[in-house]
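**Student:** Fold the following for me, if possible:
(one chain, ligands or ions: 2)
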Amino acid sequence: MKIKRLAHIGVAVGSVDEAAKVYTSMLPLELTSTEPVGELVTGFIPVGETNIELVQSTTDDGVIAKYVAKKGEGVHHLAFEVDDIVAAIAELKAKGVPLTSDEPRPGAHGAKVVFLHPKATHGVLIELCQYPQDH
Ligand SMILES: CC[C@H](C(=O)O)C(=O)SCCNC(=O)CCNC(=O)[C@H](O)C(C)(C)COP(=O)(O)OP(=O)(O)OC[C@H]1O[C@@H](n2cnc3c(N)ncnc32)[C@H](O)[C@@H]1OP(=O)(O)O
Ligand SMILES: [Co+2]
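**Tutor:** Ligands and ions are numbered 1, 2, ... in the order given. A predicted model of the protein is given here:
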């Protein structure tokens, strides 16, 4: 697989709109997109070549709700953009790396995503994402 860049740093929050103020009022950054993805709402704040991805749950269950309830708000995952996520999954499975799914799942901005389980990554949830050609 080829890692193209650090696509975003995922931050679990209770409210994208509230948390965004840290970056848009305290800091001179902009919330350029807010997008629903399943039971989540994501908010993207570009910083140079990468982004802050604020992630909020719209339900009381699910991954982000569980994380915030258990650990509070904060940095949640690192996302690396790859050129071919299907090949990346096959490569990681061949290495015995535990993934959260065997197939790519839908992500924000039309991405296909998969996650490496933090138990195998020294505690860092790592997302791999592949964007459409025109992204
Ligand atoms: C996809 C849309 C968007 C995008 O970029 O396009 C996103 O990024 S959405 C981000 C939210 N979605 C996900 O995170 C999907 C992948 N995550 C999962 O499948 C789960 O969160 C999983 C499997 C990592 C943990 O789920 P589980 O039900 O096992 O939760 P536990 O609380 O029991 O956790 C088990 C174990 O893992 C540790 N943990 C959980 N989350 C994280 C994390 N973000 N970073 C580091 N470690 C994490 C948790 O502390 C537990 O460890 P333990 O030592 O047992 O306490
Ligand atoms: Co993400």
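**Student:** hmm, what's the outermost residue in the protein?
**Tutor:** For the chain, the largest distance from the centre (CA atoms, centre = their mean) belongs to A94, which lies 23.5 Å off.
**Student:** Enumerate every residue touching that one.
**Tutor:** Residues near A94 by CB atoms under 8 Å, 6 or more residues apart in numbering: none. (Each C-beta comes from the backbone N, C-alpha and C, glycine too.)
**Student:** quick one: pLDDT of it?
**Tutor:** For A94, the pLDDT comes out at 98.
**Student:** sec struct for E30, please.
**Tutor:** What DSSP: H, G, I helix; E, B strand; the rest coil gives for E30 is coil.
**Student:** burial count for the nearest residue to it once chain neighbours are set aside?
**Tutor:** Excluding the flanking residues, the one nearest E30 by CB to CB, 6 or more residues apart in numbering is T24, at 6.1 Å. Residues contacting T24 under the criterion other CB atoms under 10 Å number 14.
**Student:** Tell me if I am right that T24 is in a helix.
**Tutor:** Yes - the assignment for T24 by three-state DSSP puts it in a helix.
**Student:** Could you check how far it is from V41?
**Tutor:** To V41, T24 is 16 Å away according to CB to CB, to the nearest Å.
**Student:** G123 too?
**Tutor:** For G123, the distance to V41 - CB to CB - is 26 Å.
**Student:** okay, the two: which has more neighbours?
**Tutor:** Neighbours were counted for G123 and for V41 using other CB under 10 Å; V41 has more, 20 against 7.
**Student:** Within the sheet, what are the partner strands of the helix or strand containing that one, with directions?
**Tutor:** Here V41, judged by DSSP states H and E, is contained in strand 40-47. Paired strands of strand 40-47, with direction, are strand 33-37 (antiparallel), strand 50-57 (antiparallel) (DSSP bridges).
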